[in-house]
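Trainee: can't give you the sequence, but here's the structure:
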């Protein structure tokens with residue numbers, strides 16, 4: 001349910017969401033195929049997946065900004081910092097926090113012409 005609320009909030013902020021996935025492997029595959037301008041990712045993914053591990057694998061192939069949305073902010077700070085071009089926002093996600101994170105992602109992203117965007 002939280003993912004759908006996040007999608008709704010992103011859309012209300014004027015962003016286009018190009019995919020919603022549950023698992024670590026699906027996140028990696030979607031990032032590879034869609035090449036979004038930014039990724040919103042939870043630390044804990046479906047089927048026991050790890051958002052940090054997915055982010056590291058995505059980072060090996062692409063330089064997409066990643067915004068982690070998680071309830072585990074206190075313990076994840078150092079781990080998130082270890083992932084280049086990543087930011088951390090806490091759950092429950094406030095519209096203002098998501099807006100700031102998406103602006104951050106927009107400012108550092110290098111959108112290619114015709115490339116689908118996670119949100120905008």
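Mentor: That came through, no problem. Note that the structure is predicted; figures quoted are calculated from it, not measured.

Trainee: who's in contact with the nearest residue to residue 65 once chain neighbours are set aside?
Mentor: In space, and not counting its chain neighbours, residue 65 is closest to residue 105: 3.9 Å by C-beta to C-beta, 6 or more residues apart in numbering. Quick note: C-beta positions are derived from backbone N, CA and C, even for glycine. Residue 105 sits next to 37-38, 65, 67, 87 when contact means C-beta atoms under 8 Å, 6 or more residues apart in numbering.

Trainee: does residue 105 sit in a helix or strand, and which one?
Mentor: If you go by DSSP states H and E, residue 105 is part of helix 95-108.

Trainee: For the residue nearest the centre of the chain, give the beta-bridge partners.
Mentor: The centroid of the chain falls nearest to residue 40 when counting by C-alpha atoms, centre = their mean (1.8 Å). Beta bridges link residue 40 to residue 67, judged by DSSP bridges.

Trainee: okay, it: pLDDT?
Mentor: The confidence metric pLDDT takes the value 92 at residue 40.

Trainee: how far away is it from residue 9?
Mentor: 10 Å (C-beta to C-beta, to the nearest Å).

Trainee: What distance do you get for residue 44 to residue 3?
Mentor: To residue 3, residue 44 is 12 Å away according to C-beta to C-beta.
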